[in-house]
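Visitor: quick one: sequence plus predicted model below, questions after.
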Amino acid sequence: MIPLSALWLPILLSAVIVFFASFIMHMVLAYHKSDYRKLPDEDRVTDALRNAGVMRGPAYFFPYFSFKEMKSPPVIEKLKRGPVGLLTVLPSGPPAMGKNMVQWFLYCAVISIFAASLSGRLLMPGTAFLQVFRVVGTVAFLGYGAAHAQESIWSGRSWVVTFKHLFDGLIYALLTAATFGWFWPS
């Protein structure tokens with residue numbers, strides 16, 4: 001068993017590497033640009049949302065209904081007529097990129113801490129690079145990638161977008177695994 005404190009270097013280094021890799025993937029390669037589209041008649045739609053009192057907070061589901069009402073003719077008609085969707089409202093004003101980037105880095109560190117915690121309990125000092133790579137990579141992929149599938153299953157996100165996020169998660173996991181493999185205690 002390896003204590004978490006002995007893995008501080010790969011924890012921090014892998015978080016930094018993933019942070020910069022995500023910047024390159026999102027800002028330089030920009031293959032996520034097609035993930036979002038502009039609303040048709042955006043000004044009219046946002047004015048209507050503002051006038052309706054839509055606020056930041058819980059996600060809005062529309063048309064809204066309880067599970068008891070799901071099979072009622074009025075609800076079925078609303079669902080057929082559409083649109084049907086989920087709406088998340090962000091805070092008004094420019095994006096808080098500094099805050100988001102700090103949160104993303106902390107998330108990367110948390111994924112690395114979980115990977116370190118599990119691998120430190122399963123693997124001994126001197127474990128071969130490939131075995132460390134497999135264990136850490138699996139844990140990191142679950143943290144970075146696997147949860148994105150729920151967005152397509154339950155929230156209707158395009159599977160194309162989800163596969164892009166799964167690809168990102170795989171790259172982040174491979175970078176995390178390699179970092180731990182290289183800096184694993186001997």
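Guide: Yep, it's here. Numbers count the residues shown, from 1 in each chain.
Visitor: could you tell me the per-residue confidence at Leu79?
Guide: What the model reports as pLDDT for Leu79 is 94.
Visitor: which residues are in contact with it?
Guide: Residues near Leu79 by CB atoms under 8 Å, 6 or more residues apart in numbering: Pro63. In this view, the C-beta of every residue, glycine as well, is placed from N, C-alpha and C.
Visitor: list the buried ones in the helix or strand hosting it?
Guide: If you go by DSSP states H and E, Leu79 is part of helix 73-81. Across helix 73-81, burial judged by 16 or more other CB atoms under 10 Å covers Val75.
Visitor: so Arg134, which of the three states?
Guide: Put simply, Arg134 is helix when judged by DSSP: H, G, I helix; E, B strand; the rest coil.
Visitor: distance of the residue lying closest to it once chain neighbours are set aside from Val89?
Guide: Spatial nearest neighbour of Arg134, excluding adjacent residues (CB to CB, 6 or more residues apart in numbering): Ala177 at 7.5 Å. According to CB to CB, to the nearest Å, Ala177 and Val89 sit 37 Å apart.
Visitor: Glu69 now?
Guide: Glu69 is 24 Å from Val89, by CB to CB.
Visitor: returning to that earlier point: are we agreed that the residue nearest to Arg134 is in a helix?
Guide: Yes - counting by three-state DSSP, Ala177 is found in a helix.
Visitor: noted, bye for now.
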